[in-house]
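> This is a predicted model, with the sequence first.
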Amino acid sequence: MRLPVRFSASLAAIAVLALSAGTRAHAQSTASPTAGNGTYIAVDPLASVRYDNRYDVSLGMAYARIKAGPNLLHGADLGGLDLSGSYWFSKHWGLEGSGRGYLGTSGAAPNTLSIKGPFVSQYLFVAGPEWLGPHNKHAAIVAHILGGGAYGNFETDLHGNSPALVDFYNNQIAPAAVFGGHIDLNRSARWVFRVTPDALYTRYSINYPPNASYNNWHFGISVGVDYKFKKKR
């Protein structure tokens, strides 16, 4: 359980750096010339940032490190996509839904069939509350706690053999949760550069001896863009 504690400290440090970096990056306004007389007027692309949108949607490239089996020595580094959307009830509280897919290969336990690096995938479908924390026109921190399910696909490359052969989980739908949030750097009133670091929890089981379930804590992150729709609260 030390992962969530370390993750929370890391997220807080990243958040503070993002807010301060965003403020410094926009400390000076850009300038554009007026017509004809050679003078300049200041233009602030973030002047209309208000945090009063009703909806937003984000898409990012995603990474997660998971273990495909309960006793494997090494995890699997998977890549994929993170598609999330939010409905804001008030300035600080909203409801977020997220679908995430991760694909890649995993190491396998030594086996008699010499199966090495089989394909695995994990899909998360989660939803829950989110909270708008410290924010200004440059950047914002958004925290969320999301719950739902995961589909783990671990048997595709096992050629019909039992996952026990390589110490993998069975293919299954399992409980899942996401703890973390977004670090948003505003590029305009509508467009946001978004980084989403999270702690990912799943509880997979095996249907071969000892027929047990296992709590899995892993790290995931996505980097992409968020768009705020014009409709206001």
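Looks like it came in fine.

> which stretches of this protein form strands?
Applying DSSP state E to the chain gives strands spanning 30-33, 40-43, 55-66, 76-88, 93-105, 119-135, 139-153, 172-186, 191-205, 213-228.

> Any chance of TSV for those, columns distance to N111?
The C-beta positions use only the backbone N, C-alpha and C, and glycine is treated the same way. Below are those laid out as TSV (distance: least, C-beta to C-beta, whole Å):
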stretch	distance to N111
strand 30-33	60
strand 40-43	63
strand 55-66	20
strand 76-88	16
strand 93-105	15
strand 119-135	15
strand 139-153	19
strand 172-186	21
strand 191-205	20
strand 213-228	20
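
> closest one to V166 among these?
Minimum separation from V166 across those (C-beta to C-beta) falls at strand 119-135, 10.4 Å.

> helices or strands next to that closest one in the packing?
Contacts defined by 3 or more C-beta pairs under 8 Å, 6 or more residues apart in numbering; DSSP states H and E place strand 119-135 against helix 2-25, strand 55-66, strand 76-88, strand 93-105, strand 139-153, strand 172-186.

> which strands and helices sit next to the last one?
Based on contacts counted as 3+ C-beta pairs under 8 Å, 6+ apart, the elements that strand 172-186 packs against are helix 2-25, strand 119-135, strand 139-153, strand 191-205, strand 213-228.

> Ok, which of the ones you listed comes nearest T105?
Short answer: strand 119-135, nearest of the helices and strands packed on strand 172-186 by C-beta to C-beta, at 5.7 Å.

> Can you give me the buried ones in the closest one?
Neighbour-count burial for strand 119-135 flags 119-128, 130, 132, 135 (criterion: 16 or more other C-beta atoms under 10 Å).

> got any ranges where the protein has weak pLDDT?
Applying pLDDT under 70 to the chain picks out residues 1-42.

> mind pulling up the phi and psi values for the residue nearest to G107 when sequence neighbours are not counted?
Among residues not flanking G107 along the chain, H74 sits closest, at 4.8 Å (C-beta to C-beta, 6 or more residues apart in numbering). H74 has phi and psi values of phi -120, psi 150 when expressed as degrees, to the nearest 10.

> Tell me how many other residues surround H74.
Using other C-beta atoms under 10 Å, H74 has 11 neighbouring residues.

> From A109, how far out is it?
10 Å (C-beta to C-beta, to the nearest Å).

> Rebuild the helices and strands packed on strand 119-135 as TSV, extending it with mean neighbour count and distance to A199.
Output for the helices and strands packed on strand 119-135, formatted as TSV (neighbours: other C-beta atoms under 10 Å; distance: least, C-beta to C-beta, whole Å):
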stretch	mean neighbour count	distance to A199
helix 2-25	14	5
strand 55-66	19	11
strand 76-88	19	14
strand 93-105	19	13
strand 139-153	20	10
strand 172-186	21	5
